[in-house]
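Visitor: sequence and predicted structure are below.
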Amino acid sequence: MSLDPRTPVIVGVGQQLQRIDNPLEALAPVPFIANAIREATKDAGLSSVPNADSIRVISFLSWRYRDPARYIAEELGITTRETVASSMGGNSTQSLINATALEIQSGDFDVVILCGGETSRTRKRARAAEIELPWPVVPEDVKPTRIMGEELVMNHEFELSRRIVAPIQIYPIFESAIRAASGRSVDEHNQHLGKLWSNFSKVAEANPYAWIRKSMTPEEIITTGPRNRMIGLPYTKVMNSNNDVDQSAAIIMCSVAAAERMGISKDKWVFPIAGTDCHEHRYVSERDTFADTPAVKLGGKMALDLAETSINDIDIVDLYSCFPSAVQLGAASLGLSTDRQLTRTGGLSFAGGPWNNYVMHAVATVIGELRARPGEKGLVWGNGGYATKHAFGVYSTTPPTNGFKHAYPQDQIDALPRRTVVDIGTSEGPATIEGYTVMHDRDGNPERAIAPCLLPNGNRAWGISDDADTVKAMCEGEWVGRAVRLNATGTLLIK
């Protein structure tokens, strides 16, 4: 079979981590990311970094460059006709790969470098030591050629009014809903979580690019202590994404014609076969249930259908794993058992969670495994927000039969059932808890309960409580399905 010279192909991947205790000796983000690109160049078998039609950077948080691709090109001594920054979200890498594959296939671009990284650990240590980092201050008027990706406002005004604004608050609420839907008791479900995350830690232990290379037993995962305090019930610290890392990664994508022109060996080639992008109802307040992700179900199946395969024929899987609930929601929607290996890196708790760029590491790892197992297929799922924005990619060393295929099935998802969210602002009334968490302070003490509740008419309202007796009571037993009352300010009343 002759291969269309415009077929997009990944030819080089690189990963880096730095664990330098003196912040003044650590690399700033741009040279740190540039080193990952140099590694991707070596991986492709090239003697020097190629000039790129486009350099595309996953937007990062550990320093403000505005147009980091421009400075990365200068650091590497290469030229580019376009600089790109992504939108925010853990889906960004896979979304950018999907968009890049389409633009290479259409002939708009020939060689593209995708990259990203964070130096959060160095920044945190510098602040703690009151050290001013000698990193460049970039003028405000410096901007990239374009921003790629979909920006979504994901917090409803009623969530904001109750200070419900962070993933560490929302994902444990998903967890309680998943637990109730499973029929497990609280203790049974905690054991389930311990086993799931212990398996992830074992994968990280064997990953040379993982931040924490030490496996943990299920009991170590779920048991609280000085180094593993409770964050948001039922999640101990180790069940949360670990963003306190310095990690960078890069991918070199090009057309088959460019790969041949550069003399890149075919045993380095891995093809994006198909991809999809979509999002759930953007506000968690409006989703039909906290125990299901219908956009993952639809978007994932569509990516597999476009790749002319099925989930049963996928050999290598990496699911986004910021919290255990994300993994379980993704696995259930895709038809995967949680007994299967669902990460190739170890996940964001152990391999590391460099904010928006985790999936760059996941794809790089999957590419390496596919090269070692020619003919097999890999599936990567990227997730942004509160299990909100999704991107899927199917990969193989075997090229696609009719080119890379992509879909954006958002109109079908927008038509799915949604809840009406209301603000209790008139009088006290009955409600039923459908999910909850209890947030803990830095000493591990319960301090605030958060619970989305269903009203008798099926609408949803948010209940919160800072009452010491209430938050303590809600740390024991199962509260999903319990009848409560909400007063005029949305305070949760359990008696």
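Guide: Right, received. Where do you want to start?

Visitor: in this structure Arg282 contacts Asn155, no?
Guide: No - counting by Cβ atoms under 8 Å, Asn155 is not a contact partner of Arg282; they are 9.3 Å apart. All C-beta atoms are positioned from the backbone trio N, CA, C, and that covers glycine.

Visitor: output the longest helix belonging to this protein.
Guide: Ranked by residue count under DSSP state H, the longest helix found in the chain is helix 186-205.

Visitor: so the nearest residue to Gly14 once chain neighbours are set aside, which state does it fall into?
Guide: Distances taken as Cβ to Cβ, 6 or more residues apart in numbering put Glu39 closest to Gly14, at 2.8 Å, once the chain neighbours are dropped. Under DSSP: H, G, I helix; E, B strand; the rest coil, the three-state class of Glu39 is helix.

Visitor: residues touching Glu39, list them.
Guide: Glu39 sits next to Gly14, Gln15, Gln16, Ala250 when contact means Cβ atoms under 8 Å, 6 or more residues apart in numbering.

Visitor: ok, now Cys254?
Guide: Residues in contact with Cys254 (Cβ under 8 Å, 6+ apart) are Pro8, Val9, Val11, Ile104, Asp110, Val111, Val112, Met262.

Visitor: from these, pick the one nearest Gly463.
Guide: Using Cβ to Cβ, Val112 comes nearest to Gly463 of these, at 47.8 Å.

Visitor: looking at it, the closest one is touching Asn51, isn't it?
Guide: No - using Cβ under 8 Å as the test, Val112 is too far from Asn51 to be in contact (11.2 Å).

Visitor: separation between Thr401 and Pro29?
Guide: Taking Cβ to Cβ, to the nearest Å as the measure, Thr401 falls 40 Å from Pro29.

Visitor: neighbour count winner among the two?
Guide: The neighbour count for Thr401 versus Pro29, taken as other Cβ atoms under 10 Å, is higher for Pro29 (27 against 10).

Visitor: and the residue nearest to the spatial centre of the chain, what does it touch?
Guide: Per Cα atoms, centre = their mean, the C-alpha nearest to the average position across the chain is that of Gly90, at 3.4 Å. Gly90 makes contact with Tyr320, Cys322, Trp355, Asn356, Tyr358, Val359, Gly382, Asn383, Gly384, Lys389, according to Cβ under 8 Å, 6+ apart.

Visitor: measure stretch 344-356 end to end?
Guide: End-to-end span of stretch 344-356 (Cα to Cα, to the nearest Å): 18 Å.

Visitor: likewise for stretch 435-453?
Guide: 7 Å.

Visitor: can you pull the buried residues of it?
Guide: Residues 435-440, 446, 448-453 are the ones in stretch 435-453 that count as buried (16 or more other Cβ atoms under 10 Å).

Visitor: if we can go back for a sec, got a quick PyMOL command for the buried subset of the contacts of Cys254?
Guide: A single PyMOL command selects the buried members of the contacts of Cys254 (16+ other Cβ under 10 Å):
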select buried, resi 8+9+11+104+110+111+112+262
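
Visitor: will you turn the contacts of Cys254 into CSV that also has distance to Asp67?
Guide: Conversion of these to CSV gives the following (distance: Cβ to Cβ, whole Å):
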residue, distance to Asp67
Pro8, 25
Val9, 27
Val11, 25
Ile104, 22
Asp110, 22
Val111, 19
Val112, 16
Met262, 26
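
Visitor: going by distance to Val296, which of the contacts of Cys254 wins?
Guide: Ranked by distance to Val296 (Cβ to Cβ), the contacts of Cys254 are led by Pro8 at 24.3 Å.

Visitor: could you verify my assumption that the closest one touches His406?
Guide: No - using Cβ under 8 Å, Pro8 is not in contact with His406, being 10.8 Å away.

Visitor: which neighbours do these two share?
Guide: Common contacts of Pro8 and His406, defined by Cβ under 8 Å, 6+ apart, comprise Ala101.

Visitor: how about the contacts made by the nearest residue to Cys115 once chain neighbours are set aside?
Guide: Spatial nearest neighbour of Cys115, excluding adjacent residues (Cβ to Cβ, 6+ apart): Ala250 at 4.0 Å. Contact partners of Ala250, counting by Cβ under 8 Å, 6+ apart, are 12-14, 33, 36-37, 39-40, 113-116, 360, 364.

Visitor: filter these down to just the ones in strands.
Guide: Gly12, Val13, Gly14, Ile113, Leu114, Cys115, Gly116 (DSSP state E).

Visitor: can you lay out those as CSV showing neighbour count?
Guide: Compiled in CSV, the ones in strands among the contacts of Ala250 are given as follows (neighbours: other Cβ atoms under 10 Å):
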residue, neighbour count
Gly12, 27
Val13, 26
Gly14, 24
Ile113, 31
Leu114, 28
Cys115, 25
Gly116, 31
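
Visitor: quick one: which of those is nearest Glu132?
Guide: Gly116 (24.9 Å).

Visitor: which residues does the closest one contact?
Guide: By Cβ under 8 Å, 6+ apart, the contact list for Gly116 reads 33, 57-60, 86, 93, 248-250, 354, 356-357, 360.

Visitor: can you rerun that using 6 Å?
Guide: By Cβ atoms under 6 Å, 6 or more residues apart in numbering, the contact set of Gly116 is Val57, Ile58, Asn357, Met360.

Visitor: top of these by neighbour count?
Guide: Ile58 (32 neighbours).

Visitor: my read: that one touches Val359, true?
Guide: No - look at Ile58 against Val359 with Cβ atoms under 6 Å: they stay out of range, at 8.4 Å.

Visitor: now for the two: what residues contact both?
Guide: Residues touching both Ile58 and Val359 (Cβ under 6 Å, 6+ apart) are Thr93.

Visitor: centre of the chain to the longest helix of the chain, how far?
Guide: On the basis of Cα atoms, centre = their mean, to the nearest Å, helix 186-205 is displaced by 19 Å from the centre of the chain it belongs to.

Visitor: what do you get for stretch 237-254?
Guide: 9 Å.

Visitor: what is the end-to-end distance of that stretch?
Guide: Using Cα to Cα, the two ends of stretch 237-254 sit 40 Å apart.

Visitor: average pLDDT for it?
Guide: Averaged over stretch 237-254, pLDDT sits at 98.

Visitor: give the buried residues for it.
Guide: Here stretch 237-254 shows 237-243, 245-254 as buried, counting by 16+ other Cβ under 10 Å.

Visitor: cool, stretch 175-188 as well?
Guide: Glu175, Ser176, Ala177, Ile178, Arg179, Ala180, Arg184, Val186.

Visitor: all strands of the stretch 201-350 of the chain, in order?
Guide: With strands called from DSSP state E, counting those that start in this stretch, the stretch 201-350 of the chain shows them at 230-232, 235-236, 246-255, 271-279, 316-318.

Visitor: rebuild the ones you listed as CSV, extending it with distance to Tyr65.
Guide: CSV is the format used below for the strands of the stretch 201-350 of the chain (distance: least, Cβ to Cβ, whole Å):
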stretch, distance to Tyr65
strand 230-232, 31
strand 235-236, 33
strand 246-255, 14
strand 271-279, 26
strand 316-318, 28
